[in-house]
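In: Sequence plus the predicted model coming up.
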Protein chains: 2
Amino acid sequence: MRKINLSERQKIILGLVIQEFVEKAQPIGSKFIVDQYKLDFSSATVRNELSILAEEGLLRQPHTSAGRIPTEEGYRYFVQELMRSPDLPYPIRQTISHQFYQAGKDMKKSIRLASSILANQARGAAIVTAPFMKETKFKHIELISTMGKQALMVLVLMSGKVIQNILILKESISQEKLSETSTKINQLCHGKELKELSFLPETIGALGNDIWKIVQEDLQRNQTRATGEIFQDGWSNMLKEPEFSDSETARKTLQILEEGAIFEELFSQTMMNLDIGGVQVLIGGEGYWEELKDCSIVMARYGHPEAATGIMGVLGPIRMSYRNAISTVHYVAEIMSELVTEMLEDEIQLNQI
Amino acid sequence: MRKINLSERQKIILGLVIQEFVEKAQPIGSKFIVDQYKLDFSSATVRNELSILAEEGLLRQPHTSAGRIPTEEGYRYFVQELMRSPDLPYPIRQTISHQFYQAGKDMKKSIRLASSILANQARGAAIVTAPFMKETKFKHIELISTMGKQALMVLVLMSGKVIQNILILKESISQEKLSETSTKINQLCHGKELKELSFLPETIGALGNDIWKIVQEDLQRNQTRATGEIFQDGWSNMLKEPEFSDSETARKTLQILEEGAIFEELFSQTMMNLDIGGVQVLIGGEGYWEELKDCSIVMARYGHPEAATGIMGVLGPIRMSYRNAISTVHYVAEIMSELVTEMLEDEIQLNQI
DNA sequence: CTTAGCACTCTCTTCATTAGAGTGCTAACA
DNA sequence: TGTTAGCACTCTAATGAAGAGAGTGCTAAG
């Protein structure tokens, strides 16, 4: 990326243009800025600076006689260079942390709460994945007869994670027989890695073999999945923004949210580039995500490196309040990380699939 | 409701106006109808009939020199009196049933498929609840130690339904101790109704008592809940319709979908008034559901009376193709009912919570 | 380097006009 | 008595001209 050198005054003006444009959603003119902020230089000076900022590619004009609006480049510069360390106001932090306190140590509830808070506070669509870890160490299996030909399989991994599956058997099998099989499997496999378990133990019988195939599939799936279950909230917030007043643009964007496929990819990519607590900003799809070219996303990774981590993000129009979004996402991710850590210390399992 | 007597010709004309309006989304004039359908009477005759239909309250004019559009009353008359028994075209039925065949006997997958098919075929937002039955007969409990201070409780009801809960214990407890407790509870409670179990058995110890409280809560919740989990799909379809091109109307409607609260109430009410296989049409909120006054919903109940039943519905603008929606919902509900019945015969459990 | 002044450009709103679609009514017709 | 052609009438949507307003870029003076 080309180095951009701006004078202090240019930085101030750029910041003001962006701040005002985010609020007003209309091109910002030189006179307006000077009046609004009682600057001690004239609108003509500002005009000169604006045209330099436009030459640098940070601002542009919708047409000759309009004010300036930020380019994506301009937003990027703003986020990287001009934005002060973002902190939510104290009373808001209080309210949020209180809400989490009330939700208790319940991961599903907390994730729902997180998405609701993100959506409301950052005024956008929120997307939160459940914390997730690739983990494939077998601990324990339990087979429970429920009704007729089916049984419930409960597979516990060493981390405490629980995977469940309904088995449909060829015939009705008694609880005793099931218990016998599960005991055999437990003896053979306790504490072993998936890789070590690819052989078929011989002593577990036909039923055991059938069940073992399913166990392997489940472990496999757990290993290849990139993110946890995705929770969403606040998509209707998007429609409040004037950039989505055109219903075709709105439809396309909502369809992306509805399908959700793109986030699986985006998040698993972000997961790799980001430390826990880190915030990443994606502006206008960054020329790479065609579907997201009208949107920006502010994402953070949360969780605990030794347990499981997830991603949370806020989706909004490019003209979004990055300051507000970043500080919100940052704070909520922090709280969620604390929650994960606490649950880990209390030896409470995070989630079940 | 006031009795409306229409001549055959009036019925035909009303039907044509509705059909055309649903497609074109524009007021329909007399000349247009005559030309389009090569009717053997003149536009002047149609005009006379139209003004009679307008007097009856079935049609109205947006303004004096515009064509006619149906009133809600008009749609109701159309749905109740004029619509022929709705059957989807054979190839579409084939495609749908094939998709369900491929989904297999997996309730969650099938519900997702049902909502996707409803959304695509009826071109609206689809809402499907999981099949659900109030059932509180205790069969079996299993307690599984997973990690540290927590244990997984698996509660099986007589119908085969499985309820799970993570228990957070005061201290770490061994699997043996847990098994002992669950065995005691099983002996005491097997096959009993919730009502019979409100007393606290004395012989199950402190741990047993704690667990028992949670069992009771879970059973209670299962009894008071009115509908199963709600699945949605295709809300972005709504934005295709011109009635939602105004972004404020669109936002309000999507917000209702997002919150989803109203459907809990609407569905549990519908559940009581509708037999399995029955279809109910709610046009423009029927003057009762204020939030839904710009929408119509076509709903059907599906399932098996002895197992569990759910509701599925399509939400669209008032100007929706009721014929298409009704036949789609009817057909998909039929397939889902078959699925429930088959799973019941095969003794496969429907869902887990 | 800054700024006042000014011509210029472009958009948005308003207003009037017009074309077009569709009705309702009347009178004639079968 | 039901049907239809004819026509005046009404209302909307589209078009275009005119003017207000906002904001710029440039120039020349401070």
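Out: Perfect, thanks for sending it.
In: Please name every helix or strand in contact with the longest helix along chain A.
Out: Ranked by residue count and defined by DSSP state H, the top helix of chain A is helix A:322-345. Helix A:322-345 is packed against helix A:90-103, helix A:107-121, strand A:279-283, strand A:295-303, strand A:309-317, with contacts defined by 3 or more Cβ pairs under 8 Å, 6 or more residues apart in numbering or on different chains; DSSP states H and E. Glycine gets a C-beta too; all of them are placed from N, C-alpha and C.
In: any idea how far the closest residue to chain B within the stretch 1-150 of chain A lies from B:Asp346?
Out: The stretch 1-150 of chain A approaches chain B most closely through A:Gly148 (2.4 Å), counting by Cβ to the nearest Cβ. Look at A:Gly148 and B:Asp346: by Cβ to Cβ, to the nearest Å, they are 7 Å apart.
In: got it, and A:Lys184?
Out: A:Lys184 is 27 Å from B:Asp346, where distance means Cβ to Cβ.
In: One more: A:Ile163?
Out: The value you get for A:Ile163 to B:Asp346, if Cβ to Cβ is used, is 24 Å.
In: Between these two, which has more neighbouring residues?
Out: A:Ile163 (17 against 12; other Cβ atoms under 10 Å in any protein chain shown).
In: so the closest residue to the more buried one other than its chain neighbours, which of the three states?
Out: Spatially, and ignoring its direct neighbours in sequence, A:Ile163 is nearest to A:Leu155 (4.4 Å; Cβ to Cβ, 6 or more residues apart in numbering or on different chains). Here A:Leu155 is strand, with the state taken from DSSP: H, G, I helix; E, B strand; the rest coil.
In: wait, isn't A:Leu155 in contact with A:Val215?
Out: Yes - counting by Cβ atoms under 8 Å, A:Leu155 touches A:Val215, with 6.1 Å between them.
In: shared neighbours of these two, which are they?
Out: A:Phe138, A:Ile141 (Cβ atoms under 8 Å, 6 or more residues apart in numbering or on different chains).
In: phi, psi of A:His140?
Out: phi -160, psi 140 (degrees, to the nearest 10).
In: Name the residues of stretch A:88-96 that are buried.
Out: Across stretch A:88-96, burial judged by 16 or more other Cβ atoms under 10 Å in any protein chain shown covers A:Leu88, A:Ile92, A:Arg93, A:Ile96.
In: tell me the contacts of the second one?
Out: In this structure, A:Ile92 makes contact with A:Gln121, judged by Cβ under 8 Å, 6+ apart.
In: which parts of the stretch 51-200 of chain A sit against DNA strand D?
Out: A:Ser51, A:Ala54, A:Gln61, A:Thr64, A:Ser65, A:Ala66, A:Gly67, A:Arg68 (Cβ under 7 Å from any atom of the strand).
In: circling back: take the buried residues of stretch A:88-96 and write them to TSV, including distance to A:Arg251.
Out: Below are these laid out as TSV (distance: Cβ to Cβ, whole Å):
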residue	distance to A:Arg251
A:Leu88	33
A:Ile92	33
A:Arg93	36
A:Ile96	32
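In: Measure how the longest helix of chain A sits relative to helix A:107-121, angle-wise.
Out: For helix A:322-345 against helix A:107-121, the angle by axes from the mean of the first three to the mean of the last three Cα atoms, to 10 degrees is 170 degrees.
In: Tell me which residues touch the residue nearest the centre of chain A, please.
Out: Central residue of chain A (Cα atoms, centre = their mean): A:Met312, 2.3 Å from the mean position. By Cβ under 8 Å, 6+ apart, A:Met312 lies in contact with A:114-115, A:118, A:126-129, A:299-300, A:302, A:329, A:332-333, A:336.
In: what bridges to it?
Out: A:Val128, A:Ala300 (DSSP bridges).
In: The residue in chain A positioned nearest to DNA strand D: neighbour count?
Out: As assessed by Cβ to the nearest atom of the strand, DNA strand D sits closest to A:Gly29 within chain A, at 2.9 Å. Using other Cβ under 10 Å, A:Gly29 is surrounded by 19 other residues.
In: And it, how far from A:Asp35?
Out: Taking Cβ to Cβ as the measure, A:Gly29 falls 10 Å from A:Asp35.
In: Next: A:Glu338.
Out: 45 Å.
In: Over to A:Gln150?
Out: Counting by Cβ to Cβ, the gap from A:Gln150 to A:Asp35 is 73 Å.
In: Please apply the same query to A:Met147.
Out: Distance, A:Met147 to A:Asp35, by Cβ to Cβ: 75 Å.
In: For these two, work out which one has more neighbours and name it.
Out: Between A:Met147 and A:Asp35, A:Met147 has the larger neighbour count (other Cβ under 10 Å), namely 21 against 11.
In: now the residues of the stretch 51-200 of chain A next to DNA strand D as CSV including neighbour count, secondary structure and distance to A:Leu266?
Out: Shown next, in CSV, are these (neighbours: other Cβ atoms under 10 Å in any protein chain shown; DSSP: H, G, I helix; E, B strand; the rest coil; distance: Cβ to Cβ, whole Å):
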residue, neighbour count, secondary structure, distance to A:Leu266
A:Ser51, 14, helix, 36
A:Ala54, 15, helix, 31
A:Gln61, 14, coil, 32
A:Thr64, 5, coil, 38
A:Ser65, 8, coil, 39
A:Ala66, 13, coil, 33
A:Gly67, 20, coil, 33
A:Arg68, 27, strand, 30
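In: will you turn these into JSON lines that also has pLDDT?
Out: Listed next are those as JSON lines, based on pLDDT from 0 to 100:
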{"residue": "A:Ser51", "pLDDT": "96"}
{"residue": "A:Ala54", "pLDDT": "96"}
{"residue": "A:Gln61", "pLDDT": "95"}
{"residue": "A:Thr64", "pLDDT": "90"}
{"residue": "A:Ser65", "pLDDT": "90"}
{"residue": "A:Ala66", "pLDDT": "92"}
{"residue": "A:Gly67", "pLDDT": "94"}
{"residue": "A:Arg68", "pLDDT": "97"}
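In: Now distance to A:Thr224 too, for the residues you listed, in TSV please.
Out: Output for those, formatted as TSV (distance: Cβ to Cβ, whole Å):
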residue	distance to A:Thr224
A:Ser51	53
A:Ala54	48
A:Gln61	49
A:Thr64	55
A:Ser65	56
A:Ala66	51
A:Gly67	51
A:Arg68	48
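In: which stretches of chain A form strands?
Out: A:59-60, A:69-70, A:125-129, A:138-147, A:150-157, A:162-168, A:230-233, A:279-283, A:295-303, A:309-317 (DSSP state E).
In: Pipe these into CSV and attach distance to A:Gln220 per row.
Out: Formatted as CSV, those follow (distance: least, Cβ to Cβ, whole Å):
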stretch, distance to A:Gln220
strand A:59-60, 50
strand A:69-70, 47
strand A:125-129, 20
strand A:138-147, 12
strand A:150-157, 12
strand A:162-168, 11
strand A:230-233, 21
strand A:279-283, 30
strand A:295-303, 23
strand A:309-317, 21
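In: That concludes my questions; thank you for your assistance.
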